[in-house]
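Chemist: sequence and predicted structure below; questions after.
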Amino acid sequence: MIHGGLGPAAGFARGKHQERAALQRIAEDSFVFLRHHTALETVIHAVSLLEDDPLFNAGTGSKLQSDGVIRMTASVMDGARQRFAGVINIRDVKNPVQVAARLLEYDDRVLAGEEATAFARGQGFSAHNPETAARRTAYDEQHKGGTVGCVALDAAGRLAAATSTGGKGFEMPGRVSDSSTVAGNYANAVAAVSCTGIGEDIVNSALAARIVIRVTDGMTLDAASAAAVAELAAQRGEAGFIALDAQGHMQQAATHPYLAYATHDGRLRVF
Ligand code: GLY
């Protein structure tokens, strides 16, 4: 399952077809990729493709912050090892999710700011300007929201989740996005969740971790998702998520329009 973010969904609602076509292509490509790769490799692959598409607010085409600078956030969680890694406010890299994935093999697994960028350079990730003309033009409009993500279950029954974002847009420099926290991206051997929306609302709800933990403790994915949506509504939170369990049950929900795609046995589902 992949998602293209809550914020740009206003565009989806107005009938923009480019984003739909891009999500369909990436969902289908990633499903083929999953046939010969692990869930972990697949979520990194899918989110890299989403980051590379300037239509989405992650990687190339990320939103600018209030000072006109792009700072990106991404994380990856290997459900099989229950291991999380992420980068916060990294700059000038093409694929933040790949830097996060590199950190999975380190003792220190979440890096922020200049040190995250320096780590990327040390790992051989070359400098890349993620700014597009469209995002610079939109800077003054101060649109908020938008993130990309993927959850996958592989043939061996392993789950993984990855999430990447340019942030809310127009945020205070130094603000930490939910997308590199367990609120925005979480997986274990039982379930995997990737969130989109306003990071502060997602953190307030501990959204991804809460859904996964409820399923781990015996709730069905459907019930855990419904409870999360009810709690978000009670807090007037703006968020959405895609969720998958080890039996292959899929769930998604959002408080505002967004677009998620899923493939199962090669059939494409659009939410
Ligand atoms: N969910 C993305 C952010 O608020 O940074």
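Modeler: Sure thing, it's come through.

Chemist: just checking, Y258 touches G5?
Modeler: Yes. Between Y258 and G5 there is a contact under CB atoms under 8 Å: 6.3 Å. C-beta coordinates here come from the backbone N, C-alpha and C atoms, glycine included.

Chemist: shared neighbours, these two?
Modeler: T196 (CB atoms under 8 Å, 6 or more residues apart in numbering).

Chemist: write out the residues of the stretch 101-250 of the chain neighbouring the ligand.
Modeler: By CB under 6 Å from any ligand atom, the residues of the stretch 101-250 of the chain that approach the ligand are 147, 165, 167-168, 177-179, 196-199, 202.

Chemist: now those in a markdown table, with pLDDT, neighbour count and secondary structure?
Modeler: Below are those laid out as a markdown table (pLDDT from 0 to 100; neighbours: other CB atoms under 10 Å; DSSP: H, G, I helix; E, B strand; the rest coil):
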| residue | pLDDT | neighbour count | secondary structure |
| --- | --- | --- | --- |
| T147 | 91 | 36 | coil |
| T165 | 97 | 33 | strand |
| G167 | 93 | 28 | coil |
| K168 | 88 | 24 | coil |
| S177 | 97 | 28 | coil |
| D178 | 97 | 31 | helix |
| S179 | 98 | 34 | helix |
| T196 | 95 | 35 | strand |
| G197 | 93 | 30 | strand |
| I198 | 94 | 19 | coil |
| G199 | 96 | 27 | helix |
| I202 | 97 | 27 | helix |
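
Chemist: ok, V203 - how many residues close by?
Modeler: 19 (other CB atoms under 10 Å).

Chemist: I should have written G149 there, sorry.
Modeler: 35.

Chemist: helix, strand or coil for it?
Modeler: strand (DSSP: H, G, I helix; E, B strand; the rest coil).
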